[in-house]
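In: Test case, fold it:
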Amino acid sequence: MDEQIQKREQLQALLEQKHYTALITELSDMNAVDVAEIIDSESTVTALLLFRMLPKNLAAEVFALLSSEQQSALITAITDKELAPILEQLAFDDIVDLIEEMPANAVNRILSNTAEEQRNLINQFLKYPPDSAGSLMTIEYVSLKKTMTIKQALAHIRDTGLKKETIYTCYVTDANRVLEGIVSLKELVLAPEQELIENIFESECIYVNTHDDQESVIAVFKKYAFLALPVVDTEKRLTGIITVDDVMDAMEQEATEDFQIMAAMQPSEDAYLD
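Out: Residues are numbered from 1 along each chain as shown. Down below sits the predicted model:
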């Protein structure tokens, strides 16, 4: 018997027998991907019961992996008190992706359960062209000031890094958020604690503009093999970053479109009718 089917039947048996403590333990020990697959395969009622038994941090991770149909169903079914902590745990770009897939009533629920500052940022992101750098980026990056000491910078990373997409490359900005350069975590860890960021950061760095098309972004990633790329506006203010994970979907989409174009151009092997 397939292991996934066996696990699903085990969970269903625990649910039917109302062995909720054992069920919570089983779900908590599972990988988020596997939990999401099981919840996706269930009816809304069963999915809701299973979802409500997940620890808060696992619930957010699982929610981000669910199909848009199941996400929409859960948003409709759960209370605002349950929805708010999930949105707090979700990465900003996951929330934007979520909103783009949701019907209007679900979008209203999401926006009403986010802070005003975040709501304004979401609206800003949704205005970027669909295939632009702005639509691919996330605001979850580490920003440092060149006047910081290494000790202050590392303390800042420890305080804020948990919710960031990456901490391996940090971005140095001025008081107006203008991008001044980058510094790697490796450089920070190896430098003396009292050294200033301005003495070790790289002022020359590659970046893209929010309105650059995704083909240009993909080309930069391919050329330089970056793990992350800063995105700036017309005044070179740091607006977000694009990670290699963010761009993978865009690369797959480009490849699919190229394949479809080639398939459409491919002459048929069937003989023409006389």
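
In: mind checking which helix or strand L238 is in?
Out: Using DSSP states H and E, L238 maps to strand 238-243.

In: need the strands for this protein, in chain order.
Out: 143-144, 169-173, 179-184, 208-209, 228-232, 238-243 (DSSP state E).

In: deepest of the ones you listed, which one?
Out: Most buried of those, by mean neighbour count (mean count of other C-beta atoms under 10 Å): strand 238-243, with a mean of 25. Every residue, glycine included, has its C-beta placed from N, CA and C.

In: Now do the contacts for I241.
Out: M137, T138, E140, Y141, E165, T166, Y171, A228, L229, P230, V231 (C-beta atoms under 8 Å, 6 or more residues apart in numbering).

In: Just the CA atoms from the strand holding L238 would do, formatted as PDB, please.
Out: Extracted C-alpha coordinates of strand 238-243, given in PDB (Å, rounded to 0.1, in the frame of the first residue of the first chain):
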ATOM      1  CA  LEU A 238      15.600  49.300  -2.600                       C
ATOM      2  CA  THR A 239      12.100  48.000  -3.100                       C
ATOM      3  CA  GLY A 240      12.700  44.200  -2.600                       C
ATOM      4  CA  ILE A 241      14.700  41.300  -3.700                       C
ATOM      5  CA  ILE A 242      14.200  38.300  -6.000                       C
ATOM      6  CA  THR A 243      15.600  35.000  -4.800                       C
END
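
In: Going by residue numbers, what spans are helices in the stretch 51-200 of the chain?
Out: Secondary structure of the stretch 51-200 of the chain (DSSP state H, counting those that start in this stretch): helices at 56-65, 68-77, 80-89, 92-101, 104-112, 116-126, 133-136, 150-160, 185-190.

In: Nearest approach to I197 belongs to which of the ones you listed?
Out: With C-beta to C-beta as the measure, helix 150-160 is the member of these nearest I197 (5.9 Å).

In: quick one: buried residues of the closest one?
Out: For helix 150-160, a neighbour-count test (16 or more other C-beta atoms under 10 Å) marks I150, Q152, A153, L154, H156, I157 as buried.

In: ok, for the third one, nearest residue in space, not its chain neighbours?
Out: With sequence-adjacent residues excluded and distances taken as C-beta to C-beta, 6 or more residues apart in numbering, A153 is closest to L144, at 5.2 Å.

In: and if you look at the fourth one?
Out: Using C-beta to C-beta, 6+ apart and skipping residues adjacent in sequence, the residue nearest L154 is L188, 6.0 Å away.

In: my guess is that neighbour meets Q152, correct?
Out: No. Using C-beta atoms under 8 Å as the test, L188 is too far from Q152 to be in contact (10.5 Å).

In: Cool, thanks, signing off.
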